[in-house]
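> have a look; sequence and predicted model below, questions after that.
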Amino acid sequence: MLNHISSIWEYRDFLSSQETYLDSSQFKRLHSSLFRSALHKLRKLDPGLVSDLLFSLYSCQGRPAIDPAILIRSFVLMQHFKYTSIHNWCEALHSDILLQYLIGTFSPPSPASHYDFIIRLTGKDPHLDDLHPKDLYKKPDPKDKPKKGEKLINYSHVQTYYLLDKYKNGAENDRNRMMFTLQSLFNALVVIPSIDTGFIDKDNAILSGDGSSLHIHASPFGHKVQKDLDDSQPAYRFSAPDADIGWDSDLNKYYLGYTFYSIAYHNPSRNIDLPVFITLDKASRNDALTCISASAQFFDMCPDLHPSYMCLDSASDSLPIYQYYRQMNVIPVIDHNQRTTKNTETNGKEYVNSDGIPVCACGLKMIPFGYDIQRCRTKYRCPFVLGKTDHCEYQDACSTSDYGRVIYVNDGDSARNAGPLSYRSDSWKSIYKNRTSTERINDRVLNDYHLHQMYIRDGCKNAFFSIFAGINIHLDAWVKNEA
């Protein structure tokens, strides 16, 4: 039974009134850069923003529960100080008055209370369903192993069309996922406050999405137990039954784990990267499929955020993905996958190349000269007339007008190249530079906040600490702006 969630003002009053319990050595530690930044982060964090969500997760009767605000601050502080074990963190917490002061209580919660809080938020207890057949994980065929540096192509465009149809009316029917409560917590605690305080431009944001391999330290073979599933097949216990085997293109090997996928925003004026959405998916699932479902869930979680562009890498170069973002009134900025591109012939020696840009009879790329919004087409003009080249042997044959040869490319002619941005144009390149923000976010979560080094296996704990790493990243940005 949850009686009370302490507010940010109660926490600040606690900090002011309990300073007398700290001795001179603890005051000296508190004013060090590491502890001072931790204090500033926790003073800005308001657990009261998720009170409605948290009250719905507790029973109306029973033993009074520990204040969730204390547990939230404890997990934030745990990652801030780079602890990778809940037990080690709780040992430090129980023996250090300064850490107790920072979380807002001198009666710190036990390791069991921390684990119970994870189960309560994720709705999953990994130990309730860990017996499975021996062949739980589908072993990849060695013949399907990609070349060095290439990604595994293990999906068809039929699957992306299915997701396009599934999410065309939103993701409200997809809220029974494990991540939904965690994403709601993340959204209320830091994403909406970042929008309200101007850290995220809610009307003209340039977002980017990308997935990274999240390796777990578990055996894909399981542990055989005596109990049988159906009196004939022995059962195996797996420490990560919801994980599977995927391909890591950076390490050029198969791995057991998940795909960590984030959608990020880069604030150029403050030079900060902020995650606006975080999710976990199966390791075997291609980014082309994950980006549609993740984007649909993101738009469902953040209806007030209206991005103008979405930047994705070539793994998401699929026609239904372009169609989905245009339905959402977002311009997709996606690098082309060279294995699926080809030239399109037009008249005579003219053709539209694989980048969607017309090439004139002289073999030169024509120059983009505006976009017709009413007719949904891009205008291209002669490079010779615009002074981009000194000589053209077809200058008299192409056009008798001083304006020069003009070609219009309709959006319907090539959905991959449709829209006001010409592929690889200066404007396109300028916007696409923002895509690296999501790679930096993934690196911060997996490496700076040590998600890879935590040696946790099941999906619910990986999802939980992924979300709290995202919370820490927002808090870091708030503190940086203050400095």
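That came through fine. Residues are numbered from 1 along each chain as shown.
> remind me which residues of this protein are low pLDDT?
Confidence mapping of the chain against pLDDT under 70 gives the ranges 126-130, 176-177, 226-232, 339-348, 354, 375, 411-418, 483.
> quickly list the domain ranges of it.
Residue ranges for the domains of the chain, per automatic domain parsing: 8-122, 154-219+257-336+433-482, 341-422.
> which element, helix or strand, includes residue 41?
Using DSSP states H and E, residue 41 maps to helix 33-44.
> that helix - contacts with which helices or strands?
helix 8-17, helix 24-30, helix 68-80, helix 97-103, helix 459-482 (3 or more Cβ pairs under 8 Å, 6 or more residues apart in numbering; DSSP states H and E). C-beta here means a position set from N, CA and C on the backbone, and glycine is covered the same way.
> list of residues touching it?
8, 11-12, 15, 29-30, 73, 76-77, 80-81, 98, 102-104, 472, 475-476, 478-479, 482 (Cβ atoms under 8 Å, 6 or more residues apart in numbering).
> how about the domains of the chain in JSON lines, adding mean neighbour count and distance to residue 233?
Compiled in JSON lines, these are given as follows (neighbours: other Cβ atoms under 10 Å; distance: least, Cβ to Cβ, whole Å):
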{"stretch": "domain 8-122", "mean neighbour count": "16", "distance to residue 233": "29"}
{"stretch": "domain 154-219+257-336+433-482", "mean neighbour count": "20", "distance to residue 233": "19"}
{"stretch": "domain 341-422", "mean neighbour count": "16", "distance to residue 233": "48"}
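> now distance to residue 135 too, for these, in JSON lines please.
Shown next, in JSON lines, are these (distance: least, Cβ to Cβ, whole Å):
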{"stretch": "domain 8-122", "distance to residue 135": "26"}
{"stretch": "domain 154-219+257-336+433-482", "distance to residue 135": "14"}
{"stretch": "domain 341-422", "distance to residue 135": "38"}
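> of all those, which lies closest to residue 235?
Checking those against residue 235 by Cβ to Cβ gives domain 154-219+257-336+433-482 as the closest, at 15.4 Å.
> can you give me the end-to-end span of that closest one?
46 Å (Cα to Cα, to the nearest Å).
> just say helix, strand or coil for the most centrally placed residue in the chain.
Closest residue to the average C-alpha location of the chain: residue 262 at 0.6 Å, with Cα atoms, centre = their mean. Under DSSP: H, G, I helix; E, B strand; the rest coil, residue 262 falls in the strand class.
> okay, and the beta partners of it?
Per DSSP bridges, the residues bridged to residue 262 are residue 210, residue 278.
> contacts only, for it.
209-210, 275, 277-279, 438, 441-442, 445, 470.
> before we move on, back to that, just want the angle from the helix holding residue 41 to helix 459-482.
Relative orientation of helix 33-44 and helix 459-482, computed by axes from the mean of the first three to the mean of the last three Cα atoms, to 10 degrees: 100 degrees.
> what is whichever helix or strand comes after helix 33-44 packed up against?
Downstream of helix 33-44, the first helix or strand assigned by DSSP H and E is helix 51-55. If you count contacts as 3+ Cβ pairs under 8 Å, 6+ apart, helix 51-55 packs onto helix 179-186.
> and the helix it packs on, how far out from the chain middle?
13 Å (Cα atoms, centre = their mean, to the nearest Å).
> so what does that helix touch, helix or strand wise?
Secondary elements touching helix 179-186 (3+ Cβ pairs under 8 Å, 6+ apart): helix 51-55, helix 111-122, strand 272-282, helix 287-301, helix 459-482.
> go through the ones you listed and name the closest to residue 216.
helix 459-482 (7.2 Å).
> now the closest one, how far from the centre of its chain.
12 Å.
> ok, stretch 429-449 next?
10 Å.
> with stretch 49-60 instead?
25 Å.
> quick check: end-to-end length of it?
20 Å.
> now stretch 247-257
First-to-last distance for stretch 247-257 - Cα to Cα - comes to 10 Å.
> stretch 432-446 now?
Stretch 432-446 end-to-end distance (Cα to Cα) = 23 Å.
> what does that stretch rub up against?
206-212, 214, 260, 262-266, 273-275, 278, 309, 311-313, 333, 335, 451-452, 466, 469-470, 473.
> what ranges does the stretch 301-450 of the chain have for its strands?
Ranges of strands in the stretch 301-450 of the chain, per DSSP state E, counting those that start in this stretch, are 309-312, 331-334, 344-345, 351-352, 358-359, 367-372, 377-381, 406-410.
> and those strands as TSV, adding distance to residue 395?
Output for the strands of the stretch 301-450 of the chain, formatted as TSV (distance: least, Cβ to Cβ, whole Å):
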stretch	distance to residue 395
strand 309-312	37
strand 331-334	34
strand 344-345	22
strand 351-352	19
strand 358-359	16
strand 367-372	15
strand 377-381	13
strand 406-410	14
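> which among those is found nearest to residue 461?
strand 309-312 (28.3 Å).
> who does that closest one pair up with?
In the sheet, strand 309-312 lines up with strand 206-215 (parallel), strand 331-334 (parallel) (DSSP bridges).
> circling back: who wins for proximity to residue 189 among the helices and strands packed on helix 33-44?
helix 459-482 (5.9 Å).
> helices or strands next to that closest one in the packing?
So helix 459-482, by 3+ Cβ pairs under 8 Å, 6+ apart, packs with helix 33-44, helix 68-80, helix 111-122, helix 179-186, helix 192-196, strand 253-267, strand 272-282.
> who does the shortest one touch, helix- and strand-wise?
Okay, so that is helix 192-196. helix 459-482.
> run the last query once more with 10 Å
Helix 192-196 sits against strand 253-267, strand 272-282, helix 459-482, with contacts defined as 3 or more Cβ pairs under 10 Å, 6 or more residues apart in numbering; DSSP states H and E.
> CSV for the ones you listed, including distance to residue 360?
Shown next, in CSV, are the helices and strands packed on helix 192-196 (distance: least, Cβ to Cβ, whole Å):
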stretch, distance to residue 360
strand 253-267, 36
strand 272-282, 41
helix 459-482, 48
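> of these, which is nearest residue 22?
Here helix 459-482 is closest among the helices and strands packed on helix 192-196 (Cβ to Cβ), at 21.2 Å.
> state the distance from residue 470 to residue 407.
46 Å (Cβ to Cβ, to the nearest Å).
> could you do residue 318 as well?
Taken as Cβ to Cβ, the span from residue 318 to residue 407 is 26 Å.
> can you check residue 222 too?
For residue 222, the distance to residue 407 - Cβ to Cβ - is 61 Å.
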